[in-house]
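Engineer: Quick one, what's the 3D model for this:
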Amino acid sequence: MNDRIKEGDTSPVKTDDLLVIVTPTYAWRIPRLVKNWLRQTEFPGAKQAWFVMTCGGEIGNAAKYNHALCREKQPAYMGTAQIVMPENYIAMFNAPQAEEARQIIAKAEPDIDRAISAIAADQVFPVPRNNLYDRFMSGPVNPIFYSFFVKAKALPDRLRPVCQALPNQQHYHSKQPACLGRRLHPLHGVYLPLSCGGH
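Structural biologist: Got it, this is the predicted structure:
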């Protein structure tokens, strides 16, 4: 899906009866670019669709919007599963350290196994939590969050040499860990002066 979205490829995707859509959570729903690609792409063999959403905390009321997308696309909606994984949206949140990340992943294993079992048994996922907070976050907060925090702009040309020069390892600041690889988030630390030339 990632490669097709990047290439703008919306040609039909041949599947069997079962369609499993695994996607991260952006602002308590599936990412808009994923939603738009799914809308524009035909899945001629799909009769049932399950959504598996990874998140750093919760997916809000994403199930409502996934269900609506299935009504639009025709496959039967088989539910939405929430899989809590280590937070990686470093523009706003702190990413966990390695040990904490391992614990989060280990805790997610039973949820992953339950999702796999439900799909294998052709069963609907259990209905996720849907309280006032969830409806608020996926509803009115989603467009506000997108307007201010979710950007998909290309990396400026002047930063490309910086990214290419960065080693693929973690660098630790005295107060805040920053995981920088060859892809540099344009909002993370770029405006800060370097303490010495070797950094």
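
Engineer: residues contacting residue 30?
Structural biologist: Counting by C-beta atoms under 8 Å, 6 or more residues apart in numbering, residue 30 touches 21, 23, 51, 53, 62, 65, 66. Backbone N, C-alpha and C define where each C-beta goes, glycine included.

Engineer: and which of those residues is nearest residue 7?
Structural biologist: residue 23 (17.6 Å; C-beta to C-beta).

Engineer: Quick check on that closest one: phi, psi?
Structural biologist: phi -150, psi 150 (degrees, to the nearest 10).

Engineer: Please apply the same query to residue 56.
Structural biologist: Dihedral angles (degrees, to the nearest 10) for residue 56: phi -90, psi -20.

Engineer: Sort out for me which of the contacts of residue 30 are in helices.
Structural biologist: 62, 65, 66 (DSSP state H).

Engineer: Neighbour-wise, which one of the residues you listed leads?
Structural biologist: Neighbour counts for these (other C-beta atoms under 10 Å) peak at residue 62, which has 27 neighbours.

Engineer: And the pLDDT for it?
Structural biologist: You'll see residue 62 listed with a pLDDT of 97.

Engineer: Repeat that for residue 146.
Structural biologist: pLDDT, residue 146: 82.
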